[in-house]
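1. A predicted structure for the sequence below; I have some questions about it.
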Amino acid sequence: MSEQHEAIWASLPEGLEPEGYSLRRAFLLEHVDPGPPAPTVLDVGCGEGWFSEALRDAGAEPVAVDVAAEALRRAERRVPGLVTRLWAHDEPLPLDDNSVDIAWAGEVIEHVADVAPWLSELRRALKPGGTLLLTTPHVGRAALLGAAVSKRRFTDRFEPRSDHVHFFAPSTLGPLLEDLGFTVDDMRLAGGRPLARETILARATRG
């Protein structure tokens, strides 16, 4: 698994802006109070560190975590002095219990093979009452209808070589979070237009 992730990053040119960056950055920073004290924010699936950079600029203390060493190298170049951690496959999240105020997972959960233990690790690292901020593509009725009526959209949505292994709607993501010890405070859709891509924006509190 780690070799696959490293190969993916090796194939990507450096400096690509994350998809939907402006929308997701606005959602993230909407829920980050710079303090004092400065909040510690886990940037899980940090990639090149675009969101860690935004968090640092906003006065927070990001901790960047990824499954690929190449991603972390790029993040460290983008954000000098950034605290980084490599999260090896089938290993616990390399953070102490109750150590972060906010956990940020932007467009990550859909890539995770086993989401229950992954979310449980995020919850473990959060302080009691801490905040989980999560975004993921919305696959609802409009997306499914678009895939049903268009061969191209079906192929794009369910491409077997895609690294998206799960598809979420609020009706499935909300109960999942509740089952794993979070209280869902807000869940809404943003972006898109009829039959186009929408994003789920979710905020939950560690119970």
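-> On my side now, so go ahead. Numbering: from 1, shown residues only.

2. C-alpha only now, for contacts and for neighbours.
-> Will do.

3. name the helices or strands packed onto the longest strand along the chain?
-> Criterion DSSP state E: the longest strand present in the chain is strand 126-138. In terms of contacts (3 or more C-alpha pairs under 8 Å, 6 or more residues apart in numbering; DSSP states H and E), strand 126-138 is packed against strand 100-106, strand 198-206.

4. if we go to 10 Å?
-> helix 21-30, strand 40-44, strand 100-106, helix 115-125, helix 170-179, strand 182-190, strand 198-206 (3 or more C-alpha pairs under 10 Å, 6 or more residues apart in numbering; DSSP states H and E).

5. Name the helix or strand of the chain that has the lowest mean pLDDT.
-> helix 141-149 (a mean of 49; mean pLDDT, DSSP states H and E).

6. What about the nearest residue to Val83 once chain neighbours are set aside, how many residues nearby?
-> For Val83, ignoring the flanking residues on the chain, the nearest one in space by C-alpha to C-alpha, 6 or more residues apart in numbering is Val63 at 5.1 Å. Neighbourhood size, Val63 [other C-alpha atoms under 10 Å]: 21.

7. again with Ala60
-> Neighbours of Ala60 (other C-alpha under 10 Å): 22.

8. Endpoint to endpoint, stretch 45-56 covers what distance?
-> Using C-alpha to C-alpha, to the nearest Å, the end-to-end distance of stretch 45-56 comes to 16 Å.

9. any idea how far that stretch is from the chain center?
-> 11 Å (C-alpha atoms, centre = their mean, to the nearest Å).

10. Also stretch 71-79?
-> Distance, centroid of stretch 71-79 to centroid of chain: 17 Å (C-alpha atoms, centre = their mean).

11. same question, stretch 119-136
-> That offset, for stretch 119-136, works out to 11 Å (C-alpha atoms, centre = their mean).
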